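Visitor: sequence isn't available, so here's the structure alone:
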């Protein structure tokens, strides 16, 4: 396929030449042709011609929307196409259009492409889009770090965060939670501590989402004292904050402390979620407190969470350790007895 659109037509004589007494002495300069590397040319040959049908495709599926390039500004037009894309092919076609229209260096649209690739599970596509951008800003760096962290590639998430530092791009309040999550899951405590230092240097020590990430980091890495210090400084404690510290105590062999924190949470207006209830049930199992465990069981039923698999396992462990497994099977969870049979 030939690509005639890759060379700009020569400019006409500059309009201000008419004001010059000797216009024939003015020689307009032809701009150099657009030069793409071979890999980009191959990409365009593959995707550009099919991208010409994008507008028709999306208009056929969205009767109320007008995707005409003549009626929308370029950023809004392509942003609309990206939002409604459901396949990697769509993203490649849109990227091809951006290349030939000169919009490939717009961070806003490339960031949307990376985020959409992440949303539809195309991690490798997101990385390729990122790598083609010459100087990513913090929004684009955040997009690729979040993509890796979201899909379980925690080592890659930390690597990209480190590369962002090398590129002298300052992280923001969206950067830290993603990399802290990666450090928590691996776990990578030393890297997490360095990130903690950067949080202070960049002035995000009061950000609730960042602080929640720190509590989870230290709790999951066994640094429960540090986790409690960070938790104690939190002014606005969310369910994530409470759950992180409760889980930390329960997982680090301190069930009494976990139950005390849970009782403190119940005094607030924060409603426990299934993750918090799993940790509390684990604590009651460790201390073999069946009566209080039954009260949590009642909460589980009242909240309609009795089919949550992790809660089911935790309840089974509680009743089994307290010698009431058969009662649980027959009276509370009849489907367990069916599975056992």
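Guide: All right, it came through fine. Computed from a prediction, not measured in an experiment: that's the story for all the values here.
Visitor: buried residues in stretch 215-223, which are they?
Guide: Neighbour counts over stretch 215-223 (16 or more other C-beta atoms under 10 Å) mark 215-221, 223 as buried. The way it works is simple: take the backbone N, C-alpha and C, and place the C-beta from them, glycine included.
Visitor: could you list which of those residues belong to helices?
Guide: If you go by DSSP state H, those have 215-220 in helices.
Visitor: just those residues now: which is nearest residue 90?
Guide: Of all those, residue 90 sits closest to residue 216, with 35.4 Å by C-beta to C-beta.
Visitor: show me what contacts the closest one?
Guide: If you count contacts by C-beta atoms under 8 Å, 6 or more residues apart in numbering, residue 216 has them with 180-181, 184, 227, 240, 244, 248.
Visitor: ok, so of the ones in helices among the buried residues of stretch 215-223, who is nearest residue 93?
Guide: Nearest to residue 93 among these: residue 216, at 39.3 Å, using C-beta to C-beta.
Visitor: quick one, grab the pLDDT at the closest one.
Guide: On pLDDT, residue 216 comes in at 95.
Visitor: quick one on the thing from earlier: okay, the buried residues of stretch 215-223 in TSV with distance to residue 153 next?
Guide: Listed next are those as TSV, based on distance: C-beta to C-beta, whole Å:
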residue	distance to residue 153
215	23
216	18
217	18
218	23
219	22
220	18
221	20
223	24
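Visitor: adding pLDDT, write the contacts of residue 216 out as a markdown table.
Guide: Formatted as a markdown table, the contacts of residue 216 follow (pLDDT from 0 to 100):
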| residue | pLDDT |
| --- | --- |
| 180 | 97 |
| 181 | 96 |
| 184 | 95 |
| 227 | 96 |
| 240 | 93 |
| 244 | 94 |
| 248 | 93 |
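Visitor: which one of these is nearest residue 273?
Guide: residue 240 (8.9 Å).
Visitor: residue 212 is in contact with that closest one, correct?
Guide: Yes: contact criterion C-beta atoms under 8 Å: residue 240 and residue 212 qualify, at 4.6 Å.
Visitor: okay, these two: which has more neighbours?
Guide: residue 212 (26 against 19; other C-beta atoms under 10 Å).
Visitor: the residue positioned nearest the centre of the chain: which element?
Guide: Centroid-nearest residue in the chain: residue 146, 3.7 Å away (criterion: C-alpha atoms, centre = their mean). Assessed by DSSP states H and E, residue 146 sits inside helix 138-150.
Visitor: repeat that for residue 98.
Guide: For residue 98, the host element (DSSP H and E) is helix 88-101.
Visitor: does that helix pack against any helices or strands, and if so which?
Guide: On a contact count with 3 or more C-beta pairs under 8 Å, 6 or more residues apart in numbering; DSSP states H and E, helix 88-101 meets helix 38-51, helix 54-61, helix 74-83, helix 107-119, helix 123-131.
Visitor: buried set for that helix?
Guide: 88, 90-100.
Visitor: quick check, nearest of these to residue 291?
Guide: residue 88 (54.4 Å).
Visitor: just give me how far stretch 247-264 sits from the chain centre.
Guide: 29 Å (C-alpha atoms, centre = their mean, to the nearest Å).
Visitor: residue 137: what's it in contact with?
Guide: Counted by C-beta under 8 Å, 6+ apart, residue 137 has contacts 107, 169.
Visitor: begin at 604 from here
Guide: Sounds good: first residue 604 from here, last item residue 740.
Visitor: so what's it scoring on pLDDT?
Guide: 95.
Visitor: measure it to residue 715 for me?
Guide: Using C-beta to C-beta, to the nearest Å, we find residue 740 at a distance of 13 Å from residue 715.
Visitor: and residue 879, how far from residue 777?
Guide: Distance of residue 879 to residue 777, given as C-beta to C-beta: 25 Å.
Visitor: ok, back up a step: would CSV of the ones in helices among the buried residues of stretch 818-826 with distance to residue 766 be doable?
Guide: Shown next, in CSV, are those (distance: C-beta to C-beta, whole Å):
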residue, distance to residue 766
818, 27
819, 24
820, 21
821, 25
822, 28
823, 24
